[in-house]
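> Sequence first, then the predicted structure:
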Amino acid sequence: MDREQAQQRIEELAEEIRRHNYHYYVLSRPLISDQQFDRKLEELGRLETEFPEFRFPDSPTLHVGGAITKEFKPVVHRYPMLSLGNTYSEQDVKDFEERIHKLIGEDIEYVCELKFDGVAIGLTYRDGLLVQAVTRGDGIQGDDVTTNVKTIRSIPLRLQGEGYPAEFEIRGEIILPHSSFEALNSLKEEEGEEPFANPRNAASGSLKMMDSAEVAKRKLDCFLYYLQGENLPFTTHYESLQASRSWGFRISDYVVKCRNIDDIFDYINTWDEGRRELPFDIDGVVIKVNSLSKQEQLGYTAKSPRWAIAYKFKSEEASTRLLSVDFQVGRTGTVTPVANLQPVPLAGTVVKRATLHNADIIAALDIRYGDTVFVEKGGEIIPKITGIDLLQRPEGSSPLEFPAVCPECLTALVRREGEAAWFCPNETLCPPQIKGKLEHFISRRAMNIDSLGEGKIELLFDKGLVNSPADLYELSFGQLIGLEKLYKGEGDKKDRLVKFREKTVENILKGIEASKKISFDRVLYALGIRYVGETVAKKLARHFASFDSLRMAEPAELTDVEEIGDKIAQSLATWLQTPSSIKLVESLKSHGVQMALTVTQTARKSNKLDGKTFVVSGVFEKFSRDEIKQAVEDHGGKNVSSVSARTSFLLAGQNMGPEKRRKAESLGVNIITEEEFLNMIC
Ligand code: IVH
């Protein structure tokens with residue numbers, strides 16, 4: 001493809017992708033499949049790498065992320081970011097309506113909206129381009145999170161249509177839909193990390209991540225609800241939202257105009273019930289005066305507008321009896337207390353179990369067997385126990401004690417410094433840990449042996465055939481054929497017969513054989529080392545290229561790898577020294593599992609940077625940071641995360657942290673520009 005064709009194709013693709021984003025995220029009416037969309041985005045990304053001079057500054061590939069934010073700079077809001085008067089009381093809503101009626105007198109029109117439970121954001125657009133995204137902060141000053149916000153696909157980087165002001169700010173709420181929240185938390189649990197308590201916390205944590213490519217993976221979303229600016233060409237709030245929708249913003253479909261208090265209460269009641277069907281959290285409704293001139297007339301108190309009020313739904317609570325507590329042991333050995341409750345209806349479902357989180361929470365609640373407890377379903381998806389009805393406490397009740405030994409294998413539990421959770425250290429013999437590790441090993445993103453899914457691996461473990469991932473590679477047809485077991489369903493779950501017939505066995509053996517081709521980075525992830533998730537595994541594999549050189553690495557070399565801090569390095573170093581791990585790796589290797597990157601994966605473009613280490617920092621003109629780092633590796637160099645005496649070059653982009661520069665200067669490390677780097681490899 002020549003330059004002219006490339007430029008034309010880049011323009012075409014960018015335009016098409018923008019249009020599809022709008023259809024998908026704003027109108028919820030996609031015109032093409034997700035795969036077709038991804039292919040277009042990939043094509044655009046490829047062309048932009050090849051012809052960076054034609055990349056638009058607002059290219060839709062920004063949604064994929066890649067840029068790093070080192071520091072979220074404070075920004076003073078041009079218009080203070082006020083909150084709303086909040087109430088849980090219907091009387092307050094009536095009073096609000098009456099007060100407005102008295103102040104303005106005539107017929108008033110209101111707009112009722114959902115109150116999204118997320119993180120407030122202010123987006124500034126100049127000449128139709130997104131220029132800044134700032135969090136609320138204290139209302140006067142927030143943090144600049146523009147780079148991360150640009151990864152949110154429902155936020156237009158360039159506006160469409162016409163009539164938008166040359167400069168304006170639009171405010172809204174960044175949320176994490178339930179499906180993304182659940183996916184994120186199961187990933188966190190898989191990696192032995194503490195899950196987020198609710199989608200709001202997850203959204204807020206995501207906005208503050210340094211690597212925008214990671215933010216992009218979280219699949220945040222954003223609803224806009226308030227246009228701010230001078231001399232806006234509208235007379236009502238409702239109109240301003242409709243216009244905003246036509247410019248490409250995601251505006252809720254559930255914005256309605258109301259004429260009186262009865263309409264308002266209808267709306268409140270509809271959503272108090274209807275919120276359970278929504279794919280994201282709301283925590284109330286917002287009622288606003290529609291006319292902009294009347295809004296102005298009503299004005300503001302010091303904290304909030306007089307023309308709006310937020311009615312918050314009560315988080316529903318029920319009381320029920322605590323029957324027993326299970327202490328569940330997870331894949332990484334963490335012991336989680338789960339309460340079994342006398343089933344009780346709550347917020348549309350029947351609650352039978354609730355998490356008690358950890359020993360500290362049990363102690364703080366002073367919970368006893370036989371207690372009547374209060375359960376609540378607030379923002380959280382899993383109900384939680386919030387308190388105890390002391391009036392109902394039976395006499396002589398005994399406190400609930402956290403076990404000192406593992407309920408599964410009786411090993412004494414231990415607690416890591418600074419962590420609330422107790423865990424069972426018997427990694428190699430504790431059944432749920434072994435089973436959990438096997439399940440992780442075969443999972444789709446690891447070794448992808450899906451023919452062992454749906455309880456089949458459990459059967460192999462229960463029959464004593466497989467205790468470690470390496471055992472999988474020893475299995476034979478004769479051992480497997482005819483194996484069966486009936487798994488008794490508990491609670492709502494039905495009984496389940498797992499049986500290995502001929503076809504099943506063939507598929508299992510085929511799946512195991514195929515897994516020998518899985519690349520080293522995924523094998524490393526599949527090993528289930530605490531804190532070594534997919535991203536970390538990729539970085540380690542790229543840096544060390546083989547398991548042997550990873551094993552030989554000095555602790556300092558581990559933390560040299562980008563994004564590997566002390567916590568991960570420590571966990572990795574311990575794992576690497578454990579005899580059972582060494583045995584496991586040796587055995588996997590002897591069965592032909594990939595314990596090193598292949599020649600093509602490590603293929604180099606040149607040896608020009610052999611033996612040189614680079615710290616790549618800041619933002620670059622022609623390439624993204626990831627592309628530059630890839631180039632370092634392609635030419636034989638190594639990337640490290642912090643400047644030390646061993647660093648050969650600090651490759652400095654714009655907005656690089658001053659600390660890095662100072663350190664490089666004091667250690668005499670060469671500081672080079674993007675241009676100089678390109679000269680080195682060309
Ligand atoms: S209007 C000047 N509308 O709830 C008024 N806020 O304290 C601007 N929120 O600060 C806010 N959904 O963070 C508005 N439909 C909605 C909202 C909403 C959620 C948030 C927002 C606000 C807080 C209320």
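All right, it came through fine.
> Show me which residues of the protein sit near the ligand.
Residues of the chain lying close to the ligand (Cβ under 6 Å from any ligand atom) are 82-84, 86, 113-116, 120, 171, 173, 225-226, 286, 305, 308, 310. Quick note: C-beta positions are derived from backbone N, CA and C, even for glycine.
> 5 Å instead, please
82-84, 113, 115-116, 120, 173, 225-226, 286, 305, 310 (Cβ under 5 Å from any ligand atom).
> Can you turn the buried subset of those into a selection I can paste into PyMOL?
The PyMOL selection below is limited to those of the residues of the chain next to the ligand classed as buried (16 or more other Cβ atoms under 10 Å):
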select buried, resi 82+84+113+115+116+120+173+225+226+286+305+310
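> just checking, which of the residues of the chain next to the ligand belong to helices?
Within the residues of the chain next to the ligand, no residue falls in helices by DSSP state H.
> would TSV of the residues of the chain next to the ligand with pLDDT be doable?
Formatted as TSV, those follow (pLDDT from 0 to 100):
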residue	pLDDT
Leu82	89
Ser83	88
Leu84	91
Glu113	98
Lys115	97
Phe116	96
Ala120	96
Glu173	98
Tyr225	97
Tyr226	96
Val286	98
Pro305	93
Ala310	96
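> Tell me which helix or strand the closest residue to Pro394 other than its chain neighbours sits in.
Spatially, and ignoring its direct neighbours in sequence, Pro394 is nearest to Gly370 (4.7 Å; Cβ to Cβ, 6 or more residues apart in numbering). Following DSSP states H and E, one finds Gly370 outside all helices and strands.
> Over to Gln132?
Following DSSP H and E, one finds Gln132 within strand 129-135.
> Next secondary structure after that strand?
strand 141-143.
> thinking again about what came up before, count the residues that sit near the residue nearest to Pro394.
Residues near Gly370, counting by other Cβ atoms under 10 Å, number 15.
> So it sits against Ser397, correct?
Yes: if you go by Cβ atoms under 8 Å, Gly370 and Ser397 touch, sitting 5.3 Å apart.
> for the stretch 301-450 of the chain, what spans make up the strands?
In the stretch 301-450 of the chain, the strands defined using DSSP state E, counting those that start in this stretch lie at 308-312, 316-329, 335-346, 349-355, 372-377, 384-388, 414-415, 422-423.
> Parallel or antiparallel, which strands does the first one pair with?
Right, strand 308-312. strand 85-87 (parallel), strand 282-289 (antiparallel) (DSSP bridges).
> So which residues make contact with it?
Applying Cβ atoms under 8 Å, 6 or more residues apart in numbering, the contact partners of strand 308-312 are 84-88, 90, 92-93, 96, 115, 268, 283-289.
> out of these, which are buried?
84-85, 87, 93, 96, 115, 268, 283-289.
> Farthest pair within those?
The most widely separated members of the buried ones among the contacts of strand 308-312, counting by Cβ to Cβ, are Asp283 and Val289 (21.5 Å).
> Show me the helices in the stretch 1-150 of the chain, by range?
3-21, 34-50, 90-104, 146-149 (DSSP state H, counting those that start in this stretch).
> contact partners of the shortest one?
For helix 146-149, the surrounding residues in contact (Cβ under 8 Å, 6+ apart) are 65, 67-69, 121, 123, 130-134, 155, 174, 206-209, 212, 215, 222.
> cutoff 6 Å now
Applying Cβ atoms under 6 Å, 6 or more residues apart in numbering, the contact partners of helix 146-149 are 67, 69, 132-133, 207, 212, 215.
> tell me the angle of the helix or strand containing Ser179 relative to strand 335-346?
If you go by DSSP H and E, Ser179 is part of helix 178-190. Per axes from the mean of the first three to the mean of the last three Cα atoms, to 10 degrees, the angle that helix 178-190 makes with strand 335-346 is 150 degrees.
> list the helices and strands helix 178-190 packs on?
If contacts are counted by 3 or more Cβ pairs under 6 Å, 6 or more residues apart in numbering; DSSP states H and E, helix 178-190 sits against helix 199-207.
> Let's see the helix it packs on as PDB, backbone CA atoms only.
What follows is helix 199-207, C-alpha atoms only, in PDB (Å, rounded to 0.1, in the frame of the first residue of the first chain):
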ATOM      1  CA  PRO A 199     -18.900  -1.300  40.700                       C
ATOM      2  CA  ARG A 200     -18.500   2.300  42.000                       C
ATOM      3  CA  ASN A 201     -15.200   1.500  43.800                       C
ATOM      4  CA  ALA A 202     -14.000  -0.400  40.800                       C
ATOM      5  CA  ALA A 203     -14.800   2.500  38.400                       C
ATOM      6  CA  SER A 204     -13.000   4.900  40.700                       C
ATOM      7  CA  GLY A 205     -10.000   2.700  41.100                       C
ATOM      8  CA  SER A 206      -9.800   2.100  37.300                       C
ATOM      9  CA  LEU A 207      -9.700   5.800  36.500                       C
END
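> Quick one: list the elements packing against that helix.
Helices and strands touching helix 199-207, by 3+ Cβ pairs under 6 Å, 6+ apart, are helix 178-190.
> Now stretch 368-381 - C-alpha only, CSV.
The C-alpha coordinates for stretch 368-381 follow below in CSV (Å, rounded to 0.1, in the frame of the first residue of the first chain):
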residue,chain,number,x,y,z
ARG,A,368,-22.5,-15.3,67.5
TYR,A,369,-24.0,-18.6,66.5
GLY,A,370,-27.8,-18.3,66.6
ASP,A,371,-27.8,-14.6,66.2
THR,A,372,-30.5,-12.8,64.2
VAL,A,373,-28.6,-10.6,61.7
PHE,A,374,-29.4,-7.7,59.4
VAL,A,375,-28.5,-8.3,55.8
GLU,A,376,-28.4,-5.5,53.2
LYS,A,377,-28.1,-5.4,49.5
GLY,A,378,-26.7,-1.9,48.8
GLY,A,379,-24.4,-1.2,45.9
GLU,A,380,-22.9,-4.6,46.5
ILE,A,381,-24.1,-7.5,44.5
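> who touches it?
Residues contacting stretch 368-381 (Cβ under 6 Å, 6+ apart): 117, 198, 200, 281, 315-319, 321-322, 346-347, 351, 354, 383, 385-389, 392-394, 397-400.
> Show me just the buried residues among these.
Those of the contacts of stretch 368-381 that meet the buried threshold are 117, 198, 200, 281, 318, 321-322, 346-347, 351, 354, 383, 385, 388, 400, by 16+ other Cβ under 10 Å.
> Please name whichever of the residues you listed scores lowest on pLDDT.
Minimum pLDDT for the buried ones among the contacts of stretch 368-381 is recorded at Ala347 (71).
> and it, how far is that from the ligand?
Look at Ala347 and the ligand: by Cβ to the nearest ligand atom, to the nearest Å, they are 20 Å apart.
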